[in-house]
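Participant: Quick one: sequence plus predicted model below, questions after.
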Amino acid sequence: MATVARFNVAPVKSAQLHHPEEITLSTRGAVGDRLFLFLDEQGHRSSGEAKRGILGISTAFDPVSDRLTLSFPDGSSVSGSAGPTGDPFSVALYAPDTPVRVIDGPSAAAGAAHIGRN
């Protein structure tokens with residue numbers, strides 16, 4: 001019989017993982033997992049060496065207040081609205097392409113600066 005040793009989720013793709021005692025599953029996977037991701041200047045997801053700066057960021061998302069918090073390795077953190085802006089567009093993430101929208105605000109700006117994309 002298979003057993004689950006632990007769950008691994010993160011609100012931001014490639015950021016530090018959280019290990020909750022329980023999760024809720026939907027047809028799209030674990031609720032609250034990988035809701036956000038960093039894109040490069042061409043609109044492609046970060047992968048390989050390009051995502052190294054993301055790995056040290058701890059993240060939290062509060063869906064009630066729609067706030068995303070990023071905590072950085074130096075101990076600083078920033079929190080702001082995660083409300084999307086602009087029109088949706090597709091990113092090659094999983095098959096089929098995933099519709100995404102840009103978020104602006106302090107969390108997005110601080111995250112971009114941390115990984116060198118100001």
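Facilitator: On my side now, so go ahead.

Participant: If you count residues, where's the longest strand of the protein?
Facilitator: Longest strand in the chain by number of residues, with DSSP state E as the criterion: strand 84-91.

Participant: Pairing partners for it, with directions?
Facilitator: In its sheet, strand 84-91 lies beside strand 98-103 (antiparallel), with partners assigned from DSSP bridges.

Participant: helix or strand right after the partner strand?
Facilitator: Toward the C-terminus, strand 98-103 is succeeded by helix 106-114 as the next helix or strand (DSSP states H and E).

Participant: ok, residues contacting that next one?
Facilitator: 12, 38, 53-54, 57, 68-70, 72, 78-82, 102, 118 (C-beta atoms under 8 Å, 6 or more residues apart in numbering). The C-beta positions use only the backbone N, C-alpha and C, and glycine is treated the same way.

Participant: Could you figure out how far the lowest-mean-pLDDT helix or strand in the chain is turned away from helix 106-114?
Facilitator: Ranking every helix and strand in the chain by mean pLDDT, DSSP states H and E puts strand 98-103 at the bottom, with a mean of 82. The directions of strand 98-103 and helix 106-114 differ by 100 degrees, with axes from the mean of the first three to the mean of the last three C-alpha atoms, to 10 degrees as the criterion.

Participant: Distance from strand 98-103 to the middle of the chain?
Facilitator: Its chain's C-alpha centre lies 11 Å from the corresponding centre of strand 98-103 when counted by C-alpha atoms, centre = their mean, to the nearest Å.

Participant: buried sites along stretch 102-118?
Facilitator: Buried residues in stretch 102-118, counting neighbours by 16 or more other C-beta atoms under 10 Å, are found at 103, 105, 107-108, 110-111, 114-115.

Participant: Redo those as JSON lines? Include distance to Leu25.
Facilitator: JSON lines is the format used below for the buried residues of stretch 102-118 (distance: C-beta to C-beta, whole Å):
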{"residue": "Ile103", "distance to Leu25": "25"}
{"residue": "Gly105", "distance to Leu25": "30"}
{"residue": "Ser107", "distance to Leu25": "26"}
{"residue": "Ala108", "distance to Leu25": "28"}
{"residue": "Ala110", "distance to Leu25": "31"}
{"residue": "Gly111", "distance to Leu25": "27"}
{"residue": "His114", "distance to Leu25": "31"}
{"residue": "Ile115", "distance to Leu25": "30"}
